[in-house]
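Enquirer: Here you go, sequence then predicted model.
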Amino acid sequence: MGLSVLVADDEPPTLDELVYLLGRDERVSQVRSASSGAEVLRALEECEADAVFLDIAMPELSGLDVARVLGHYRVPPKVVFVTAHEDHAVDAFDLDAVDYVLKPIAESRLRESVRRVLGSGTGRRDPEPAADEVVAVELAGVTRFVSRSDVAYVEAQGDYVRLHTVDGSTHLLRTSLAALERDWAPAGFVRLHRSLLVAGSRVREVRTHEGRCTVLVEVDGRPLAELQVARRHVRDLRDLVAHRAGRTGPLR
């Protein structure tokens, strides 16, 4: 199967040209487009991509901003910057960009970028282990501080998320599940469902019955919850199991 590519540029003529030229490359099987950095992140929530071709000078979220966010993904897509300016090249390669293409775009140069994406391997390096994080939650005028390491799983609730901690307590935090997934992926949190995020270290069993997949979350040998896994996230769960099996033996 060929590459799945997402292209982002806020100038429609350039965006159309990139989509057309990449679509002509026989090594590319799918090309999607976005006109802003925010659209890129929304598109990646709906469907993963092998590579993202990013304009740098986009309003609100620049291409560099988007690349910094992608760097927190558990398996980030490869990044190619497409820009009219040379002065961001150092920043781009500090963000592990595969290539840096200057406008106007030549088809031969774009084909070289695709070759570099393919030649850079099927996966990016694993994120560095993340230091523990503390979040502030409020209830009835009282502020409490909750360590990320004490969170077993997270549940989306409207404009908030509910943190379920290892002691059985819950706390509301005003943020989105997608934002928390990006920030906490380096610490081993993985999406199970559109409304669920789980700490991989707390998963003790993976259960499959009649096509339905669930995980058992335990704390100190005590069952805390059984959570449903959406079909689109089963692969991420399998990756988690394989990674942990390689380090500590299979889950029981």
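Expert: Good, I have the coordinates.
Enquirer: Can you tell me how far the spatially most central residue of the chain is from Glu226?
Expert: In the chain, the residue lying closest to the centroid (Cα atoms, centre = their mean) is Tyr73, at 3.4 Å. Using Cβ to Cβ, to the nearest Å, we find Tyr73 at a distance of 27 Å from Glu226. All C-beta atoms are positioned from the backbone trio N, CA, C, and that covers glycine.
Enquirer: what comes up buried for the host helix or strand of Gln228?
Expert: In this assignment (DSSP states H and E), Gln228 forms part of strand 222-229. The neighbour-count check on strand 222-229 (16 or more other Cβ atoms under 10 Å) flags Leu224, Ala225, Leu227, Val229 as buried.
Enquirer: quick one: secondary structure of the residue nearest to the centre of the chain?
Expert: Of the three states, Tyr73 takes coil under DSSP: H, G, I helix; E, B strand; the rest coil.
Enquirer: what about the strands in the stretch 101-250 of the chain?
Expert: For the stretch 101-250 of the chain, the strands defined by DSSP state E, counting those that start in this stretch occupy 134-139, 142-147, 151-157, 160-165, 170-173, 189-193, 196-199, 203-209, 212-219, 222-229.
Enquirer: quick one on the thing from earlier: adjacent strands (with direction) for the strand holding Gln228?
Expert: Strand pairing for strand 222-229, determined by DSSP bridges: strand 212-219 (antiparallel).
Enquirer: could you give the mean pLDDT of the strand it pairs with?
Expert: For strand 212-219, mean pLDDT is 87.
Enquirer: Can I get it in CSV, CA atoms only?
Expert: Extracted in CSV, the C-alpha atoms of strand 212-219 (Å, rounded to 0.1, in the frame of the first residue of the first chain):
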residue,chain,number,x,y,z
ARG,A,212,-16.1,-6.7,21.3
CYS,A,213,-12.8,-5.6,22.8
THR,A,214,-12.4,-4.3,26.4
VAL,A,215,-9.5,-3.7,28.8
LEU,A,216,-9.4,-4.3,32.5
VAL,A,217,-7.8,-1.5,34.5
GLU,A,218,-6.3,-2.5,37.8
VAL,A,219,-4.5,-0.7,40.6
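Enquirer: list the buried ones in it?
Expert: Those would be Cys213, Thr214, Val215, Leu216, Val217, Glu218, Val219, for strand 212-219 by 16+ other Cβ under 10 Å.
Enquirer: what's it in contact with?
Expert: 152-153, 166, 192, 198-199, 202-207, 223-229, 231, 234, 237 (Cβ atoms under 8 Å, 6 or more residues apart in numbering).
Enquirer: re earlier: return the distance of the closest residue to the residue nearest to the centre of the chain other than its chain neighbours relative to Arg148.
Expert: Leaving aside its chain neighbours, Tyr73 sits nearest to Ala185 (5.9 Å; criterion: Cβ to Cβ, 6 or more residues apart in numbering). Using Cβ to Cβ, one gets 12 Å for the distance from Ala185 to Arg148.
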